[in-house]
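Peer 1: return a 3D structure for these sequence lines:
(4 chains)
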There are 2 protein chains.
Amino acid sequence: MFTIGKASQKSGVHIETIRYYEREGLVPKPDRSAAGRRLYTADEIAKLRFVKRCRDLGFPMSIIQTLLSLNDEQGRSCKEVKSMAEDQLVAINAKIDSLERLRAALQSLSASCDEGTSSCPMLDSLMSEAPTVPV
Amino acid sequence: MFTIGKASQKSGVHIETIRYYEREGLVPKPDRSAAGRRLYTADEIAKLRFVKRCRDLGFPMSIIQTLLSLNDEQGRSCKEVKSMAEDQLVAINAKIDSLERLRAALQSLSASCDEGTSSCPMLDSLMSEAPTVPV
DNA sequence: CATAGCTCCTGTAGCGACTACAGGAGCAAG
DNA sequence: CTTGCTCCTGTAGTCGCTACAGGAGCTATG
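Peer 2: Numbering: from 1, shown residues only, chains lettered A, B, ... in the order given. This is a model prediction of the structure:
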């Protein structure tokens, strides 16, 4: 049995975040010591690590909840997991696309913006009714 | 003079967001009609449009505040604007990089996860102490 | 055995950038 | 005059934490 500090170290989840996940019902409530301190089993720490990895992969908490429950099920539904992963991939690709468009726009604006002129072409463009750069 | 609905249409900023920007002091408070309704000038609408474009470019409100004040200055400082744009480019590139790493991790996990097996390799990997995929 | 300094507890508020009401008032057209 | 749209203020919710405040317990050293 591990205190929350150890659980935090072993899982990589900040102490305050662990308590937050517990409040939100994402992870089960651990047992408590006589003095009321949380005591985590290796299994519970594995769940925290799982949540951390999923968060790092960009999954929202609601999806992680589903993933955890799928994991608890007998004969976990690999199909559903794969489908959620693919949804997540689509979302990530959309984000990358939009960031790349954004980068192109900013680069073009930034390139137009050279020192020495009294007025700033970048600000002018952003302020104008019809922008020179699509966003 | 335009009501908030028109200003919203012309600027592309939602009505509630316009009021929010006003509360936060990002845009100046417009005049009011006798009945207390906000009335926007073309100039104020241009500012809203500017804020919208900057937000779409990923600038946080704090930076936009600075950009707006630079724009109001006599002989706006193109150098400062360019430097902020370049900071923003760096941040965008970092985000793209991290999303691309994430995508690779998810693709590899998803590929391992095939239908028909009773246990799910993706969940197994994410739950295990030493993951098969770095995130 | 006392003290110091760490960890832990609960509860609440803050972040950024909105979004979504509730509950009311004005305004324009038929 | 009524219907239905727009607008008003104020407050609370979103997401995923993070940062206190104010206290209690636990451990190592003198």
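
Peer 1: and the closest residue to A:Ile64 other than its chain neighbours, which of the three is it?
Peer 2: Excluding its sequence neighbours, the residue lying closest to A:Ile64 (C-beta to C-beta, 6 or more residues apart in numbering or on different chains) is A:Cys54, at 4.7 Å. Backbone N, C-alpha and C define where each C-beta goes, glycine included. What DSSP: H, G, I helix; E, B strand; the rest coil gives for A:Cys54 is helix.

Peer 1: need the pLDDT of A:Cys54.
Peer 2: On pLDDT, A:Cys54 comes in at 93.

Peer 1: that one is in contact with A:Ser62, isn't it?
Peer 2: No. Using C-beta atoms under 8 Å as the test, A:Cys54 is too far from A:Ser62 to be in contact (11.2 Å).

Peer 1: quick one: which of those two has more around it?
Peer 2: Counted by other C-beta atoms under 10 Å in any protein chain shown, A:Cys54 and A:Ser62 do not tie: A:Cys54 has more neighbours, with 21 against 9.

Peer 1: enumerate every residue touching that one.
Peer 2: Applying C-beta atoms under 8 Å, 6 or more residues apart in numbering or on different chains, we find A:Cys54 in contact with A:63-64, A:67, B:126.

Peer 1: if we go to 10 Å?
Peer 2: Listed by C-beta atoms under 10 Å, 6 or more residues apart in numbering or on different chains, the contact partners of A:Cys54 are A:60-61, A:63-64, A:67-68, A:84, A:88, B:123, B:126, B:135.

Peer 1: quick one: A:Cys78 and A:Leu67 touch, right?
Peer 2: No. Using C-beta atoms under 10 Å, A:Cys78 is not in contact with A:Leu67; the gap is 11.6 Å.

Peer 1: what does chain A have sitting close to DNA strand D?
Peer 2: Residues of chain A that fall close to DNA strand D, judged by C-beta under 7 Å from any atom of the strand: A:14, A:16-17, A:20, A:33-37, A:55, A:60-62.

Peer 1: and with 10 Å instead?
Peer 2: Counting by C-beta under 10 Å from any atom of the strand, the residues of chain A close to DNA strand D are A:3, A:13-21, A:23-24, A:26, A:33-37, A:51-52, A:54-56, A:58-65.

Peer 1: distance of A:Ala130 relative to A:Ser77?
Peer 2: 51 Å (C-beta to C-beta, to the nearest Å).

Peer 1: neighbour count: these two, which is higher?
Peer 2: A:Ser77 (14 against 5).

Peer 1: quick one: contacts for the more buried one?
Peer 2: A:70-71, A:83, B:115, B:120, B:123.
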